[in-house]
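> no letters, just coordinates:
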């Protein structure tokens, strides 16, 4: 993953409303949620939801599919896994991940 992509995805998740929206979609599983259900679940106006969904779609973290008159939103689990992997790939590469015991425990 490129640094710019990771930065864009992290930026889109940096907004509390978008993070709540994304977590709701991650919890929903592969079936996703209709926009109406998301609006009800998050208790936000339709225009606000639309704006935040667009940001997550543009970042590649969410996909949308129209089924008749219903718009279904889904978390893009491939993108989520790639972002998590990018963040963890070099964990402790330059040092130890083990926490040092506090003085109280010693």
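That came through fine. Keep in mind it's a predicted model, so treat the numbers as computed, not measured.

> quick one: low-confidence ranges for the protein?
Applying pLDDT under 70 to the chain picks out residues 100-106.

> so which strand or helix has the residue most central in space within the chain?
When C-alpha atoms, centre = their mean is applied to the chain, the residue found nearest the centroid is residue 22 (4.5 Å). Here residue 22 is covered by helix 16-28, with elements defined by DSSP states H and E.

> contacts for that helix next, please.
Contacts with helix 16-28, where a contact means C-beta atoms under 8 Å, 6 or more residues apart in numbering, come from 12-13, 32-33, 38, 41-42, 44, 48-49, 52-53, 55-56, 61-62, 73-75, 77, 80. No exception for glycine: its C-beta is placed from N, CA and C like everyone else's.

> mind giving me the packing neighbours of the helix or strand just after it?
Where DSSP H and E defines the elements, the next helix or strand beyond helix 16-28 is strand 33-34. When contacts are defined as 3 or more C-beta pairs under 8 Å, 6 or more residues apart in numbering; DSSP states H and E, strand 33-34 sits against strand 70-75.

> in the helix or strand just after the strand it packs on, what's buried?
Once strand 70-75 ends, the next helix or strand along the chain (criterion: DSSP H and E) is helix 77-88. Residues of helix 77-88 classed as buried: 79, 80, 82, 83, 86 (neighbour count, 16 or more other C-beta atoms under 10 Å).

> next one: stretch 8-24
Using 16+ other C-beta under 10 Å as the test for burial, stretch 8-24 gives 8, 9, 12, 13, 18, 21, 22, 24.
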